[in-house]
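Trainee: Build me a model:
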Amino acid sequence: MDALARNTDPQTSHDAAATVDLAPLQEAVVSVLDRRGVTGATTLEIANSTGLPRVSVSPRMKPLEGAGLVFRTSRRRGGGVVWVSKKGAANCLDLVEAA
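Mentor: Next comes the predicted model:
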């Protein structure tokens, strides 16, 4: 799991971070990308679709990419990277290999 508290944060922050359930955020991101198909979406577009703050969406992308649930494309829209879900990636020709 990604660190939700910095090493320099007080113990109370670490305790609070341990209680955060990331699954609903991740499910919301994948759901938007599933609906968008090969068109995909940027993190800003995902945030706008879900009502989540962009700062809650952006940190979810790399872990979801590592899990093989979302994929980065070579496309950019409005300055942001376009992401697709596993479902959308099936017909996408411009995927970028994960770092």
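Trainee: Tell me where the model's unsure across this protein.
Mentor: 1-6, 13-14, 16-22, 91-95, 98-99 (pLDDT under 70).
Trainee: What separation is there between the residue nearest the centre of the chain and residue 28?
Mentor: Nearest residue to the geometric centre of the chain (CA atoms, centre = their mean): residue 61, 2.7 Å. According to CB to CB, to the nearest Å, residue 61 and residue 28 sit 12 Å apart. No exception for glycine: its C-beta is placed from N, CA and C like everyone else's.
Trainee: circling back to that earlier point, now for the residue nearest to the centre of the chain: which residues touch it?
Mentor: 29, 43, 70, 72, 83 (CB atoms under 8 Å, 6 or more residues apart in numbering).
Trainee: what's around the third one, how many residues?
Mentor: Other residues near residue 70 come to 27 when the count uses other CB atoms under 10 Å.
Trainee: my guess is it meets residue 87, correct?
Mentor: No: here residue 70 does not reach residue 87: they are 10.0 Å apart, not a contact under CB atoms under 8 Å.
Trainee: just to revisit the earlier point, doesn't the residue nearest to the centre of the chain lie inside a helix?
Mentor: Yes: the assignment for residue 61, made by DSSP: H, G, I helix; E, B strand; the rest coil, places it in a helix.
Trainee: Let the chain start at 7 from now.
Mentor: Happy to do that; since the first residue is 7 now, the last one works out to residue 67.
Trainee: Which residue ranges of the chain form helices?
Mentor: Counting by DSSP state H, the segments of the chain that form helices are 17-24, 29-42, 49-56, 60-72, 92-95.
Trainee: Who does residue 77 form a beta bridge with?
Mentor: Note on residue 77: beta-bridge partners residue 90, judged by DSSP bridges.
Trainee: doesn't residue 87 make contact with it?
Mentor: No: Residue 77 is beyond contact range of residue 87, at 10.4 Å (criterion: CB under 8 Å).
Trainee: More neighbours: which of these two?
Mentor: residue 77 (22 against 16).
Trainee: Mind listing the shared neighbours of residue 76 and residue 93?
Mentor: In contact with both residue 76 and residue 93: residue 39, using CB under 8 Å, 6+ apart.
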